[in-house]
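Student: Would you be able to build a 3D model of this:
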Amino acid sequence: MKDLESIKQQIEAGVAGAQVSLVPNDSPANQPSLLVDAAHGLAVATFLRDEAELRFDYCSNVTGVDWMETEQKTKVKQVFDGEEKEVEQVVKMPGYLEAVYHLYSMELRHGPLVIRLRTKNRTDEVELPSLTPVWRSCEFQEREIYDLYGIVFAGHPDLRRILMWDEFKDHPMRKDYVEPDDYEYEPTPHDEVLAKSKAHYPAEVKP
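Tutor: Residues are numbered from 1 along each chain as shown. Next up is the predicted model:
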């Protein structure tokens with residue numbers, strides 16, 4: 001398989017306006033990836049599948065990632081008493097959600113290529129294009145991400161919950177998810193569940 005920088009350049013040349021950046025990975029896995037802007041996500045996926053030298057015709061895995069808001073220290077220049085000085089400031093970096101796709105070429109026998117799509121935030125702008133029209137194997141996995149992380153995949157053929165029931169609120173894989181303590185879905189609470197559930201039982205009436 002070509003190196004990621006070559007694939008990045010090939011995408012930029014083949015998909016007009018696509019913004020692609022290399023995401024390093026310093027973990028033991030050492031598996032860097034390509035971050036693709038959401039607006040061109042579907043076009044880039046189609047290009048990766050159809051380009052003769054790439055032919056990524058199979059998506060083996062799709063997963064979600066929740067990136068919380070973080071604080072980052074940065075140095076800025078400010079003027080004090082007419083003298084410019086460099087001071088350190090803490091800047092808040094907004095959170096976002098990601099969908100991560102692992103791609104292979106069955107035809108050319110290479111891969112994996114890991115690509116990422118990123119939402120604008122993790123609150124009200126959580127839409128990404130569905131890649132199911134390109135790789136059908138994404139269908140159930142995008143539904144799982146929608147269910148557990150809350151990413152809305154535009155163009156998905158059947159976007160609905162797959163693990164939790166329809167009435168369930170929130171998304172259990174979010175890092176700030178608060179587990180309920182009434183466990184209304186467990187008909188016979190026991191052990192720790194029972195202890196938490198008792199707070200919601202009617203108060204005992206003493207004779």
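Student: now residue 43, what's its secondary structure?
Tutor: The local conformation at residue 43, judged by DSSP: H, G, I helix; E, B strand; the rest coil, is helix.
Student: go on, residue 10?
Tutor: helix.
Student: again with residue 123
Tutor: Per three-state DSSP, residue 123 ends up coil.
Student: separation between it and residue 66?
Tutor: According to C-beta to C-beta, to the nearest Å, residue 123 stands 12 Å off from residue 66. For the C-beta atoms, the positions are set from N, CA and C on the backbone; glycine is no exception.
Student: Which one's more surrounded, the two?
Tutor: A side-by-side neighbour count of residue 123 and residue 66, using other C-beta atoms under 10 Å, places residue 66 first with 19 against 12.
Student: Contacts only, for that one.
Tutor: Counting by C-beta atoms under 8 Å, 6 or more residues apart in numbering, residue 66 touches 95, 97, 122, 149, 173, 174, 175.
Student: now the helices for this structure?
Tutor: 4-14, 41-50, 138-149, 191-197 (DSSP state H).
Student: on that earlier part again, which members of the contacts of residue 66 define the maximum pairwise distance?
Tutor: 95 and 173 (13.9 Å; C-beta to C-beta).
Student: confidence score at the residue nearest to the spatial centre of the chain?
Tutor: The residue lying closest to the centre of the chain (C-alpha atoms, centre = their mean) is residue 98, at 1.9 Å. Note on residue 98: pLDDT of 98.
Student: which stretches of the protein form strands?
Tutor: Using DSSP state E, the strands of the chain run over residues 20-23, 33-36, 58-67, 70-80, 83-93, 96-105, 110-118, 127-129, 152-154.
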